[in-house]
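Enquirer: let me see the structure of the following:
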Amino acid sequence: MKTSLDAESLTRIIPLKNYKNTQYVGEISIGTPGQDMPVIFDTGSANLWVNSALCKDDSCVSHISYDRKKSPTWKKLGLQAQIGFGTGEIAGEINSDTFTLGSIQIEDQKFGEILKENGDVFAAGKFSGILGLAYPSMAAYNQLPVFDSIIKQKLLKHNIMTFYYSLNEDTDGQISLGFIDESKFKGKIYYYDVIDKYYWTISLRDIRYNGKSLGLCDQGCKAVVDTGTTLNTGPSEDISKLLNKIPVENDCRGYETAGTISFVFGHEEYVLKVDEYVLKTEVDKKPSCRALMMPLDVPRPQ
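Expert: Below is the predicted model:
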């Protein structure tokens, strides 16, 4: 399926730099004049956080930082906030400024300026901030996330955001705002209802190994569409049951005989082959295999 993109659509495309299939980083602009910042576009969080020039932690000073003193459109709110991620935590204050994504300019966007960092949340990354795209119910102080600000300010003809990720680490991804770039997919698009407007949560009907149900969703399952998480995650007990079905050892024995894992949403079954859920590399010239899965126990009620 191919289509030509008009000039207006092209200005609503945000390229995502692909760093070895572990990070997709795009640039936004903050303040007046704009200060370009590389960020992760994360549907698994809701607030917008960027490194502040006031942060003196090593992981801050080694990355690009936003300098409020250089922007006359910066406004102080001074709301204190702290948030934890899978690899650390950040703390700072929520203020506001003008933001630009592609050709879209958002006035008075509330965002968190990072004043302290603990852990490796940013240290090893190529990015200087996280742009949260989850629902307002998740956001600190009920501040509007960026995409909700775009909707409120009526900046798009169609309130659509789409992500394109390539399996080829030499190919960059993209975010398209306000339209669907049909040059980036083939076949049919399937739509699923969001059942819990906190994360982007949809119903997961079944998880199967080699086409046979593992019984993990007999009481119903929820799945979160999270662009900020690289691995497949799930409750510790369920991930253990799934891993026990996979015959692949750390030294890659069993790799050739490993079956498929499939996730069933609605009436559609999405099948992963072994090279899509096991990372096969070499360590000290010996084969090494690692399942691309991670236990993550999300607190109730989510």
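
Enquirer: next, the buried residues of the helix or strand harbouring R290.
Expert: Using DSSP states H and E, R290 sits within strand 286-291. Within strand 286-291, the residues scored as buried using 16 or more other C-beta atoms under 10 Å are C289, A291. The C-beta positions use only the backbone N, C-alpha and C, and glycine is treated the same way.

Enquirer: what's the answer for stretch 69-80, then?
Expert: Neighbour counts over stretch 69-80 (16+ other C-beta under 10 Å) mark S71, W74 as buried.

Enquirer: distance from that stretch to the middle of the chain?
Expert: 26 Å (C-alpha atoms, centre = their mean, to the nearest Å).

Enquirer: just stretch 40-55 next, same as before
Expert: 12 Å.

Enquirer: how long is it end to end?
Expert: 19 Å (C-alpha to C-alpha, to the nearest Å).

Enquirer: can you check stretch 248-260 too?
Expert: 12 Å.

Enquirer: contact partners of that stretch?
Expert: Here stretch 248-260 makes contact (C-beta atoms under 8 Å, 6 or more residues apart in numbering) with 209-211, 246-247, 271-274, 278, 280, 286-291.

Enquirer: that older thread, buried set for the next helix-or-strand element following the strand holding R290?
Expert: Counting by DSSP H and E, the next helix or strand C-terminal to strand 286-291 is strand 293-295. Across strand 293-295, burial judged by 16+ other C-beta under 10 Å covers M293.

Enquirer: circling back to that earlier point, strand partners (parallel or antiparallel) of the strand holding R290?
Expert: strand 278-283 (antiparallel) (DSSP bridges).

Enquirer: quick one: buried residues of the partner strand?
Expert: Result for strand 278-283 [16+ other C-beta under 10 Å]: buried residues V278.

Enquirer: check stretch 248-256 too.
Expert: Buried residues in stretch 248-256 (16+ other C-beta under 10 Å): V248, C252, Y255.

Enquirer: how close does the second one sit to A291?
Expert: Remark: distance between C252 and A291 (C-beta to C-beta, to the nearest Å) = 12 Å.

Enquirer: would you map the helices across this protein?
Expert: Along the chain, the stretches classed as helices by DSSP state H are 7-10, 58-61, 146-152, 236-245, 274-277.

Enquirer: can you tell which of those is closest to D181?
Expert: helix 7-10 (7.4 Å; C-beta to C-beta).

Enquirer: which residues are in contact with the closest one?
Expert: By C-beta under 8 Å, 6+ apart, helix 7-10 touches S176, G178, F179, D181.

Enquirer: can you do 6 Å?
Expert: F179 (C-beta atoms under 6 Å, 6 or more residues apart in numbering).

Enquirer: reformat the helices of the chain as TSV; add mean neighbour count, distance to T98 and mean pLDDT.
Expert: Putting the helices of the chain into TSV (neighbours: other C-beta atoms under 10 Å; distance: least, C-beta to C-beta, whole Å; pLDDT from 0 to 100) gives the following:
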stretch	mean neighbour count	distance to T98	mean pLDDT
helix 7-10	12	21	78
helix 58-61	16	22	88
helix 146-152	19	11	97
helix 236-245	14	43	95
helix 274-277	16	41	96
